[in-house]
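**Q** output the structure for:
(one chain, ligands or ions: 1)
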Amino acid sequence: MSTLKETLFKKIEEHRPRTVRLLKEHGDVKLSDVTITQAIGGARGVRCLVTDVSYLDPFEGIRFRGKTIPETFAALPQVPGQEYPNVEGFFYFLMTGEIPTAEQANEVVEDFKKRRQLPDYVKDVLRAMPGDTHPMTMFSAGILAMQRESIFVKRYNEGMSKMDYWDPMYEDACNLMAKLSVLAAFVYRLKYKDDDQIAEDPNLDMGGNFAHQMGIDKPYDDVARMYFILHSDHESGNVSAHTTHLVASALSDAYYSLSAGINGLAGPLHGLANQEVLSWTMKFMEKLGDVEPTEELVKQALWDTLNSGQVIPGYGHAVLRKTDPRYASQREFCLSHLPDYPLFKLISMIYQVAPGILEEQGKAKNPWPNVDAQSGVIQWYYGLTDWDFYTVLFGVGRALGVLTNITWDRALGYPIERPKSLTTAMLEEAAGIG
Ligand code: CMX
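**A** Sure thing, here's the model as predicted:
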């Protein structure tokens with residue numbers, strides 16, 4: 001058994017009695033009352049999900065296993081010649097809550113290398129899709145096509161104790177996680193580079209091999225590492241995490257569950273916002289022609305968007321009430337790597353004016369930028385200008401968190417999810433107007 005799996009098992013055995021005790025001795029303790037606004041309004045703020053993988057504070061932002069983003073980057077083993085840690089070591093941390101040693105992180109790097117071969121039939125499925133298929137559809141279809149590989153299904157059909165569910169779920173999670181960046185690069189080169197594929201490099205970790213298979217030079221390997229880690233997890237209530245968890249709760253395997261979560265990520269109010277940000281910005285620049293962008297012109301364009309009933313992509317959040325630290329982290333990267341890049345300057349100008357405009361409009365509860373407002377400019381700078389691919393990058397990263405979560409869901413025996421619905425007449429009756 002690998003060190004990661006052994007450590008995970010130890011953590012699971014330590015954790016199980018905590019969940020059992022809460023259920024047995026304190027199951028009636030109330031966490032939330034649900035209002036009519038919450039029932040109609042997307043369950044905002046209803047506290048009814050449990051995860052220990054990450055926690056999102058509205059003002060501080062995300063903590064992975066108790067650590068902020070800077071603390072996470074500082075704690076993970078540094079790799080000589082790299083600015084960012086290996087994604088594989090971060091996966092170890094998310095799964096177990098323990099910072100791996102360099103050796104332990106490297107063990108996951110080597111393990112994932114053995115698992116990352118993309119089956120040929122997946123390539124055939126993707127090649128059969130029309131050329132104008134959205135890359136998120138291709139990414140999701142590629143994941144779903146691999147469902148026949150599920151070890152969970154095989155073991156389940158053989159007859160397996162509930163206590164063992166986590167083991168094949170973990171194996172599926174690792175097999176998938178190892179393949180996702182290879183799948184993403186395949187989709188990219190199929191769709192935008194005439195299917196001119198680049199063979200994987202067995203000497204490289206996930207970030208390095210991804211950059212290599214995308215055909216983008218250094219430091220894109222570090223960009224990929226940073227990007228995948230930053231997008232990994234945002235507690236459990238966001239659409240991609242919640243969907244993956246929900247589907248897995250029916251004991252659907254990791255392939256079914258992740259593909260479903262990726263479909264949720266493909267919505268413009270969620271992960272697709274990163275493509276929308278670039279699309280909005282490029283349309284704005286196109287309209288300007290040779291005219292230099294100014295704050296006044298940006299303000300006008302933002303108002304035009306709002307007045308036409310559309311949202312400003314990359315701004316606002318259901319939980320956050322300040323600038324997203326994932327935005328701040330990418331902004332720091334830009335300030336050190338591309339401070340004078342015109343597109344970065346424009347994105348910074350939007351940051352100067354958009355929050356004020358959203359406040360003036362008075363609708364958005366959070367006028368500050370989220371992760372998606374800053375990510376596209378980095379991709380663009382390194383030559384990845386096909387912005388409809390950006391959400392696939394988000395998807396590779398998000399898988400780190402959601403696959404960890406569904407492994408723990410099985411370890412802790414979380415049941416099939418099934419909230420209760422009411423009719424409108426019932427709400428009226430509860431409100432005393434029925
Ligand atoms: N531009 C314009 N209006 C916005 C807005 C924005 N960026 N953010 C919120 N609003 C509006 C909402 O549409 C809503 O309007 P209605 O009352 O007419 O329905 C009102 O403000 C209140 O919304 P809220 O409670 O502040 O925000 P929600 O929790 O409902 O939605 C989110 C959150 C992210 C969907 C929303 O802020 C939004 O649409 N942002 C733009 C899209 C985006 O960047 N999404 C990415 C989020 C991060 C991610 O998941 O990747």
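**Q** quick one: residues contacting Tyr327.
**A** With contact taken as CB atoms under 8 Å, 6 or more residues apart in numbering, Tyr327 is in contact with Trp368, Pro369, Asn370, Val371, Ala373, Gln374. For the C-beta atoms, the positions are set from N, CA and C on the backbone; glycine is no exception.
**Q** got a pLDDT number for it?
**A** The confidence metric pLDDT takes the value 98 at Tyr327.
**Q** what about the nearest residue to Ala75 once chain neighbours are set aside, neighbour count?
**A** Here the nearest residue to Ala75 in space, its sequence neighbours aside, is Ile99; by CB to CB, 6 or more residues apart in numbering that works out to 4.9 Å. One way to gauge burial is a neighbour count; for Ile99, by other CB atoms under 10 Å, it gives 18.
**Q** with respect to Gly383, which of the contacts of Tyr327 is nearest?
**A** For the contacts of Tyr327, the closest approach to Gly383 (CB to CB) belongs to Gln374, at 17.5 Å.
**Q** that closest one and the ligand, how far apart?
**A** Using CB to the nearest ligand atom, to the nearest Å, we find Gln374 at a distance of 11 Å from the ligand.
**Q** looks like that residue contacts Ser348 (just checking).
**A** No: when contacts are counted by CB atoms under 8 Å, Gln374 is not listed as touching Ser348 (9.2 Å).
**Q** give the residues shared as contacts by these two.
**A** Contact criterion CB under 8 Å, 6+ apart; residues bridging Gln374 and Ser348 by contacting each: Arg331.
**Q** and the closest residue to the ligand within the stretch 101-250 of the chain, what pLDDT?
**A** Distances from the stretch 101-250 of the chain to the ligand, computed as CB to the nearest ligand atom, single out Asn238 as the nearest residue at 5.8 Å. According to the per-residue confidence, Asn238 scores 98 in pLDDT.
**Q** and it, what does it touch?
**A** His270, Ala318.
**Q** chain neighbours aside, what residue packs nearest to the residue in the stretch 301-434 of the chain positioned nearest to the ligand?
**A** Using CB to the nearest ligand atom, Gly316 is the residue of the stretch 301-434 of the chain that sits closest to the ligand, at 2.2 Å. If you skip the residues right next to it in sequence, Gly316 has Ala364 as its closest partner in space, 4.5 Å away by CB to CB, 6+ apart.
**Q** to which secondary structure element is that neighbour assigned?
**A** With elements delineated by DSSP states H and E, Ala364 resides in a region that no helix or strand encompasses.
**Q** about what we covered before: ok, now how distant is the residue nearest to Ala75 from Ala105?
**A** 9 Å (CB to CB, to the nearest Å).
**Q** repeat for Arg44
**A** Remark: distance between Arg44 and Ala105 (CB to CB) = 37 Å.
**Q** before we move on, what about Ala39?
**A** Shown here: Ala39 relative to Ala105, a distance of 44 Å by CB to CB.
**Q** looking at the two, which one has more neighbours?
**A** Ala105 (25 against 17).
**Q** run a quick check on the more buried one versus Gln78, I expect a contact.
**A** No: in this structure Ala105 lies outside contact range of Gln78 using CB under 8 Å: 10.2 Å.
**Q** chain center to the helix ranked longest in the chain, what's the gap?
**A** Using DSSP state H, we find that the single longest helix of the chain is helix 166-192. On the basis of CA atoms, centre = their mean, to the nearest Å, helix 166-192 is displaced by 14 Å from the centre of the chain it belongs to.
**Q** gap between the helix or strand just after that helix and the chain center?
**A** Helices and strands here follow DSSP H and E; after helix 166-192, the next one along the chain is helix 206-214. Mean-position distance between helix 206-214 and its chain equals 18 Å (CA atoms, centre = their mean).
**Q** what lies in contact with helix 206-214?
**A** By CB under 8 Å, 6+ apart, the list of residues contacting helix 206-214 from outside reads 82, 84, 86-88, 109, 112, 116, 178, 181-182, 184-186, 188-189, 197-201, 204, 217-218, 220-225, 228, 384, 396.
**Q** do that again at 7 Å, thanks
**A** When contacts are defined by CB atoms under 7 Å, 6 or more residues apart in numbering, helix 206-214 is touched by residues 86-88, 112, 181-182, 185, 188, 198, 200-201, 204, 220-222, 224-225, 228.
**Q** which residues of the chain lie near the ligand?
**A** With CB under 6 Å from any ligand atom as the criterion, the chain meets the ligand at residues 44, 238, 269-271, 273, 306, 311-318, 363-366, 370-372.
**Q** one more time with 5 Å, if that's ok
**A** The interface of the chain toward the ligand, taken as CB under 5 Å from any ligand atom, is made up of 269-271, 273, 311-316, 318, 363-365, 370, 372.
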